Each structure stands twice: as C-alpha cells, then as structure tokens.
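>>> got a predicted model here, sequence first, then my questions.
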Amino acid sequence: MPATATQLEKALLADASVDDGWRLIERFTTLNRESGSPDEHAAADYIAAELRRLGVPFEMHQPDLYLSLPRAASVTLGSGDVLHGKPPAFAGTSPPDGVTASVVHVPAAKARDVTDIFADHRAAADVRGKIVVSEGYAMPAAVLRFERAGAVAQVYINPGKRAHWGICTSIWGMPTDGDLARKPRTPVAAISRPDGDRLLQHVKAHGSITVRTALEEGWYPCKLPVATIAGASDDFLLVHGHYDSWDVGIGDNAVGDATLLEIARILHRHRKKLRRTVKVAWWPGHSMGRYAGSTWFADRFALELRKHCVAAVNIDSPGCWKATAYEEVMWMAEADALCRGAIQDATGVTPHRLRPIRAGDYSFNQLGLTSFFMLLSNIPQVERQRLGFYPVGGCGGNIAWHTEDDRLPVADRDNLRRDLTVYLTAFARVLNAGVLPFDFRATVRELADAITAYAKEAGGVVDLSPLKRELKGLDTALRTFYQGAHAPGAARRADRINDRLTELGRVLVPLNYAAGERFAHDPALPLGTIPRLAGITRLKDCPAETRPFLVAGIQREINQVANALYEAARLLSSGP
C-alpha cells in the first residue's frame, strides 16, 4: 500500500547513508573511465554487481555511441618551445606537421558563474586564415563561430594552472546526417594560464605559431545500466547521471554515481510504499560524446518517456569538498516550490535558483519533461574567491574539475550524505504526492517576463500582442485549474489532475526550453527563454535589405508560440 508523501519522506531519510556509495567512490579511484574504454565497462559492471547484491532489478543496455577521444595537443612557438595542452573532444585532428599561421588574439570577458562559461563573450574579429587565441574554455559557441569565420585553428587559454579537458562540438548526442556539417574540422587546443601568458608574449613579438592535435573518433560499444524500482503506477520519475569521466573524475561524477546507487538501494527497500515507479540511469558518453548516453536513451524510449515520465532529475557533482552552499542550483520554474522546500527542509539553507542551461544531460527538454537539479551544493562564493577559484562546471566549484586533480580529496562524505537527503526529500514529494507538486503558474510568469523583454527589443517591428492575449488566457485557465486541484474532494480526481499537469509540461517545457521539433535535439548552444523567439534579438543589427525575410520568419515563430499557449489553455478547459 503506498504511503503518504510525508510517511515516505521519513522512511527514506531514516535510511540515508553513503556506505555503499563510498565504496563505489573508492573503487572508481582506480578506474580511468574514458567512454568506451575497458575501465568504463568495469565501472558499469561494478554498478551492476552492486545492484544484484542489493536485489535491485536493472537492465544493462549496450548501445554503440559515437565518441571523440582526445589524445594530445601542443602549441609550438617560433623559438621552437612547445606548450603542451589538451584537445577538446570533437576538435579536428591536425596534419602530422600541424597547422602554422599568424595569430589573432580575441580577448574574452571573465566568466561570472557556471552559466557564463558556456557563453561566447568575445568581440567580432577578422580571423580568416589565422589561428585564434582567446581566453576561457573551448566551448561550442565560440569554436563554431570562429571556424565558420575562417579560422584555421584555435587555442584557448584556460584560467588556471592546469588545462581542462572538455568538448567543443555543438552537436547534442549522436550526430544525424544533417548534423555533421556542424562537427568541428579544424584543430582546437586548450592550454594553461601560465603557458597562455608565454603564448601571448610570443604573439606580440613574432605572430605565428603551430598547433598540433591528435584524437580518435568513431563508434564505441558502451554499457548503460538502468535500475527500475516499481511502484503502484507505471508513471515514473527518471533519476540520472553520468559515470564516464575525465581521468578518474571523483567530483565529476563518481560522487553522483555513488548517490544514484544509494538512491536505488533506499527506494528499493521501500518499494512497497511507492505510489510511482523510479528509474535510475547511469550514462556513458557524457564527456566524450556530448551527452551521447542520455540522448540514446531519449531516442530509444521516447514514447515511454513522453507517456509516463512525470519528471527527470540530473545528479552531477554532489557531495564535494567544502560544498555547503546552494547558490547555483538549477530547476525549471514549475518545480520552484518543490526544490526550494526540499533544500531548505533537508539542510536549513536557503537556495538560489538558476535557470537550467543547455548542458548537463538535459536531453529531455524537447520531449517536455519537467526537470530539476544538475549541480547541487557548491563551495560558497566568498570561499571560492578567497581560494582564487574561477567558475567551473562541476566538482562543487572546485577547479580540479576536468583535470588530473579530480581525485578522492575532492569528495566529502558528510556533504555527500547531506546532499543525498536533499534528493530523497524531493523524490518523496514527487513519488507519493496525491497531486504532482509542479506549479505551472510560475512557468507562465517566466514566459510573461520573456515576452515583455522580447516586445521591448522588437521595438514595434513585429507584433507580440497575440502572445500576450494567449498568455492571459492561459493564466486565467491555470488559476481556475489549481483552485479546483486543491479544493475539497479533489483527491478523488488526482489521476485526472496529474494527467493534465503532465500534458501541460509536454507543451510548456519545449516552449520554454527548445527551438526544434519534439523528437530532435537542439544544439549544445546557449538558449534563452522561449528560444523560438530568439530571432527578435537579431532585428537591431539586421541589414535593411534582409530584414523583411527575418521578420517573416519571426512572424511564423510567433504563431507557433501563440498556438502552444492556446493549446495549453485548451488542455485545462474541462477543469481539473
């Protein structure tokens, strides 16, 4: 018999420990879990053996994934000095003699937070036939822009004493034939800040350099374990994270893998209390395939996810050294009350929300899954400043992220257990809630703010009033719906109410987070709110002779957005 959400929460928290998870972390310190490698397979086998020992049912999928495995990168100065670095995954492999050309330095603004490291804050420059040198990480937006502008190679000066591994393709997951034109073809290298200073001095005096890169690219067999803990309903919560890594990757993401194992253990023990089912998935191909594992799963089980998944939760880099703050936690607007409440109740800490970025195995936006979390606890910002740390995308804010320094000291057992209680608190409130705890009135407020901003930027060139009308209609419908959903006697209609909420997400999540079609995957490039309206931001710089064509496209997207808002309101027309 399913328990109430409160009863389940108490039961799960009483079982919160990280003993099994910590053993997994210790085992993973011995495994360099490069995607497709024997060590990655050994890690999957370890997860499978633990699930068997715990009696948790699971399936081991074995997809072939398209991966890029970095091997070496160097920058040779005119003096003959060689600066060794790292090629990001999916960079082009250079000829044996490298690529030699003059250099153009395109300065980059310093990243302010985790959302900023994916952005391209660089001015336009004439880079044709030249090697671009810039600060920051080799992220897809910049790499794509410079290659399309004719750069023959690119070098990125990372902010620390070590160069960071990364991935520079904008293709999300496995490429389709239509995606291949966006795959980088020229060499890209990342070097450390000290080597970058030497490079910039050389460029001022001499100008030309030689860039060499070596990578292996192709199809690799991978293992993808998915545990299923059956509840009373076929509707399920998807909890997921990646288990591949750069080097041994303890903070990114052995700690997340340990947390997933503990979640599977605890929920399986209390499976008879569950109203809804849970699927726990460990992804390969995250680091060297741009979320290839989660993308494969989204493609392979698209209709099951579309029909039955009530929400998705990404677990990456919890429980790290000194990570006691919740200042940069991502969740979709409709999950705001859920996530704030879970963090505050489990830890006593008030969190700060960030809008989810186009990263972190958020491979389910276009299917319309409400998603929450990605990174969780971080080293407090004040402490990071004191330590001289710069923004990174994991490890709790530790600059060991994506380097050889991401070892066992990056993990913290007490912080891992505390973060586990955050997840369990949130899960209990989703799994056993009578009415799913998602408030799409918050989503509508986010959409309304975005439409207001777009209207201001449009400057009257396009008419956004149809969007405002449909948004007002949806807001009215939602107010009526939620009043009925929480009225006396609504519990008898809980299934119907939850169906409406799930279908509402299938409309509003893609509207808020996707530009492409339902079963496609948008590029791994920054997307704002209501991405279909992004063309409006190009109006001010559009030449007069081509502006009518841009306006025609924007009008069609306005119609798409207005129709989605109308359809969302129509879903609610018959009441809860």
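Noted; the coordinates are in hand.

>>> please enumerate the helices of the stretch 101-250 of the chain.
Counting by DSSP state H, counting those that start in this stretch, the stretch 101-250 of the chain has helices at residues 140-148, 193-205.

>>> just these: most buried one?
Ranked by mean neighbour count, the helices of the stretch 101-250 of the chain are led by helix 140-148 with a mean of 22 (mean count of other Cβ atoms under 10 Å). The way it works is simple: take the backbone N, C-alpha and C, and place the C-beta from them, glycine included.

>>> for that helix, name the packing helices and strands.
strand 153-157 (3 or more Cβ pairs under 8 Å, 6 or more residues apart in numbering; DSSP states H and E).

>>> so what touches the strand it packs on?
Counting by Cβ atoms under 8 Å, 6 or more residues apart in numbering, strand 153-157 makes contact with 75, 85, 94, 99, 101, 131-138, 142-143, 146-147, 186-193, 195-196, 199-200, 209, 211, all of which sit outside it.

>>> sorry, back to before: as CSV, the helices of the stretch 101-250 of the chain with distance to Val410 and mean pLDDT would be great.
Below are the helices of the stretch 101-250 of the chain laid out as CSV (distance: least, Cβ to Cβ, whole Å; pLDDT from 0 to 100):
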stretch, distance to Val410, mean pLDDT
helix 140-148, 26, 96
helix 193-205, 20, 94
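
>>> and these: which comes nearest Leu261?
Relative to Leu261, the nearest member of the helices of the stretch 101-250 of the chain by Cβ to Cβ is helix 140-148, separated by 31.5 Å.

>>> angle of the closest one against strand 153-157?
Interaxial angle of helix 140-148 relative to strand 153-157 (axes from the mean of the first three to the mean of the last three Cα atoms, to 10 degrees): 150 degrees.

>>> hey, which helix is longest across this protein?
For the chain, the helix with the greatest residue count under DSSP state H is helix 547-571.

>>> kindly state the pLDDT recorded for the spatially most central residue of the chain?
Geometric centre of the chain, nearest residue: Gly360, 1.9 Å, by Cα atoms, centre = their mean. We have a pLDDT of 94 for Gly360.

>>> surely Ile266 meets Ala16?
Yes - using Cβ atoms under 8 Å, Ile266 makes contact with Ala16 at a distance of 7.0 Å.

>>> higher neighbour count, these two?
Shown here are Ile266 and Ala16; by other Cβ atoms under 10 Å, Ile266 has more neighbours (23 against 17).

>>> the more buried one and His242, how far apart?
Taking Cβ to Cβ, to the nearest Å as the measure, Ile266 falls 21 Å from His242.

>>> got it, and Thr210?
For Thr210 relative to His242 (Cβ to Cβ), the value is 35 Å.

>>> please identify which of these two sits among more neighbours.
His242 (29 against 19).

>>> quick one: that one from Asn398, how far?
Separation of His242 from Asn398 (Cβ to Cβ): 18 Å.

>>> excluding covalently adjacent residues, which one is nearest to the residue located most distally from the centre of the chain?
Distance from the C-alpha centroid of the chain peaks at Ser79, with 41.7 Å (Cα atoms, centre = their mean). Spatial nearest neighbour of Ser79, excluding adjacent residues (Cβ to Cβ, 6 or more residues apart in numbering): His202 at 7.3 Å.

>>> correct me, but that neighbour touches Ile209?
Yes - using Cβ under 8 Å, His202 makes contact with Ile209 at a distance of 7.1 Å.

>>> name the residues contacting each of the two.
Common neighbours of His202 and Ile209 (criterion: Cβ under 8 Å, 6+ apart): Leu77, Gly78.

>>> against Thr443, how distant is Arg493?
22 Å.

>>> so what's the closest residue to Glu334 other than its chain neighbours up against?
Among residues not flanking Glu334 along the chain, Phe438 sits closest, at 4.3 Å (Cβ to Cβ, 6+ apart). Neighbouring residues of Phe438 by Cβ under 8 Å, 6+ apart: Ala311, Glu334, Ala335, Leu338, Thr370, Leu501, Gly505.

>>> among these, which lie within strands?
Among those, the ones falling in strands (DSSP state E) are Ala311.

>>> show me which of the contacts of Phe438 is closest to Phe389.
Set against Phe389, the nearest of those by Cβ to Cβ is Ala335 (28.5 Å).

>>> can you get me a residue count around the closest one?
27.

>>> same deal with Arg52?
For Arg52, using other Cβ under 10 Å, the count is 11.

>>> check Leu8 too.
23.

>>> I'd guessed it sits against His270; true?
Yes - taking Cβ under 8 Å as the definition, Leu8 is a contact partner of His270 at 6.8 Å.

>>> and the helix or strand containing Glu470, what other elements does it pack with?
Assigned by DSSP states H and E, Glu470 belongs to helix 465-485. Where contact means 3+ Cβ pairs under 8 Å, 6+ apart, helix 465-485 is packed against helix 440-458, helix 547-571.

>>> dump those into JSON lines; add mean pLDDT and distance to Leu375 as well.
Output for the helices and strands packed on helix 465-485, formatted as JSON lines (pLDDT from 0 to 100; distance: least, Cβ to Cβ, whole Å):
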{"stretch": "helix 440-458", "mean pLDDT": "97", "distance to Leu375": "20"}
{"stretch": "helix 547-571", "mean pLDDT": "97", "distance to Leu375": "29"}
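
>>> export the ones you listed to CSV and tack on mean neighbour count and distance to Val114?
Listed next are these as CSV, based on neighbours: other Cβ atoms under 10 Å; distance: least, Cβ to Cβ, whole Å:
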stretch, mean neighbour count, distance to Val114
helix 440-458, 18, 19
helix 547-571, 17, 28
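
>>> turn the ones you listed into CSV, including distance to Ala524.
Below are those laid out as CSV (distance: least, Cβ to Cβ, whole Å):
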stretch, distance to Ala524
helix 440-458, 21
helix 547-571, 21
